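Chemist: this one's structure only:
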């Protein structure tokens, strides 16, 4: 039986106060209880997961799914390491069956590893330039619409090119990040070329295989909240790459630093000023464990509307959607589009004081650990809504889906809205006839036979 779509009342999140522990449980229970529990008839779906997380298990338990540790699963919320093993031709794992769905694409690293993301988006931009796309037309400052992340180089491969760029702008700040680590590990900021030369000689001189880093121009004019730097975590669900189908999630949050921002050279090593990662900030004395240094996406929107105006705020969110869709398009042709797969990405966006958004990175396994009661509610609801999108109503039967996670083409499912759909065959800008473009989104859905540069 098709489960109904419920619009959750977000009134608890319309101010700075967080719901109490009891209210959070009550809100979560009320939301999940609004959906019917599967009856005893029909085969029970077998679920497997590598994570012991409340957001996952509370949803699986509510659906009365059967847990398994064998290969007979129907739905697998797996770690990236497990996915690499499953899709490794030499891993000894059989091909996936028609009644199996898993939460990662085989080579998701093309977007979620920092150096590969940079490589693919740069290649995508070069291809657009060759086709004379309007998206690559440069303005008076030398920027184009496809400049969606700060100037970035991969080290050690691009070291000499980076040195030349640094010499052209000797007073600028740059941020160094290891390509395959998370939670702020190994990140530091430089403002002198001697710093990176010393670091490189110490780190790489005795290594046969040099660990890759990226170095990006530091955004030294960030938009601030209460004088503090923040970044934005937003969730996007991809159920197919060819054709590309992208859902945007209604919830997200800003991660705010403990200490007020300054780009003074004396504070360049103060991670509590410069890095928004919760794993870093929670170690600071000013960390607030009641709100977890997080501010809801909805509150942020209201703040920007109040301080910069509605139109400026809408342009910002349209620009973020543009970044998301074109970063996904940049890997569309290299991604293995296995029909059994879907992916929920955590996009990290930085906003500068001109309200220009910048792509910082894309996470394949955005954290499901909750740091506050409100965090638990949001992430549990996120998983619930993901399952509503990707799991067919008759699963593990395959009459509806034909074994594909991308079976669903509804415009709105829970907190997810379909923002881009290349499978739609019709006028991409005609919202009256298609419903694929909503007046509030400001972003065009894909249209059959049209140029990829939109």
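Modeler: Perfect, thanks for sending it. What you see is a predicted model, and the numbers here were worked out from it, not measured in a lab.
Chemist: would you confirm that residue 289 contacts residue 370?
Modeler: No: between residue 289 and residue 370 there is no contact under C-beta atoms under 8 Å: 11.7 Å. Where C-beta positions appear, they are placed from N, C-alpha and C, glycine not excepted.
Chemist: which one of those two has more residues nearby?
Modeler: In terms of neighbours (other C-beta atoms under 10 Å), residue 370 is the more surrounded of residue 289 and residue 370; the figures are 18 against 9.
Chemist: quick one: secondary structure of the nearest residue to that one once chain neighbours are set aside?
Modeler: For residue 370, ignoring the flanking residues on the chain, the nearest one in space by C-beta to C-beta, 6 or more residues apart in numbering is residue 376 at 3.8 Å. Using DSSP: H, G, I helix; E, B strand; the rest coil, the secondary structure recorded for residue 376 is helix.
Chemist: what is the burial count for residue 376?
Modeler: Using other C-beta under 10 Å, the number of residues around residue 376 comes to 21.
Chemist: where's it relative to residue 55, distance?
Modeler: Residue 376 sits 7 Å away from residue 55, going by C-beta to C-beta, to the nearest Å.
Chemist: any common contacting residues for those two?
Modeler: With contacts taken as C-beta atoms under 8 Å, 6 or more residues apart in numbering, residue 376 and residue 55 have residue 370 as neighbours in common.
Chemist: pLDDT wise, what is the residue lying closest to residue 339 once chain neighbours are set aside at?
Modeler: Here the nearest residue to residue 339 in space, its sequence neighbours aside, is residue 404; by C-beta to C-beta, 6+ apart that works out to 4.0 Å. At residue 404 the predicted local confidence, pLDDT, stands at 74.
Chemist: who touches residue 404 in this structure?
Modeler: Contacts of residue 404 by C-beta under 8 Å, 6+ apart are 240, 339-340.
Chemist: Produce a ChimeraX select command limited to the buried residues of the residues you listed.
Modeler: Provided next is the ChimeraX selection string for whichever of those are buried by 16 or more other C-beta atoms under 10 Å:
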select :240,339,340
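Chemist: can you give me phi and psi for the closest residue in space to residue 300 that isn't next to it in sequence?
Modeler: The shortest distance from residue 300 to any non-neighbouring residue, by C-beta to C-beta, 6+ apart, is to residue 254 (5.1 Å). Backbone geometry at residue 254, expressed as degrees, to the nearest 10, gives phi -90, psi 140.
Chemist: please name the residues that touch residue 254.
Modeler: Shown in contact with residue 254 (C-beta under 8 Å, 6+ apart): 225, 230-233, 294-297, 300.
Chemist: please apply the same query to residue 114.
Modeler: 177, 179-180, 214, 361.
Chemist: partners of the helix or strand encompassing residue 238, with directions?
Modeler: Secondary structure from DSSP states H and E places residue 238 in strand 228-241. Using DSSP bridges, the neighbouring strands of strand 228-241 in the sheet come out as strand 224-225 (antiparallel), strand 244-256 (antiparallel), strand 343-351 (antiparallel).
Chemist: check which residues of the top helix by length along the chain are buried.
Modeler: Among all segments of the chain classified by DSSP state H, the helix with the greatest residue count is helix 310-330. Taking 16+ other C-beta under 10 Å as the neighbour-count basis, helix 310-330 is seen to contain the buried residues 313-317, 319-330.
Chemist: among the helices and strands of the protein, which one scores worst on average pLDDT?
Modeler: Counting by mean pLDDT, DSSP states H and E, the chain has its least confident helix or strand at helix 431-434, which shows a mean of 36.
Chemist: may I have the phi/psi pair for residue 150?
Modeler: When quoted as degrees, to the nearest 10, the phi and psi of residue 150 stand at phi -60, psi 160.
Chemist: and residue 304, how many neighbours?
Modeler: 20.
Chemist: which helix or strand contains it?
Modeler: Here residue 304 is covered by helix 297-308, with elements defined by DSSP H and E.
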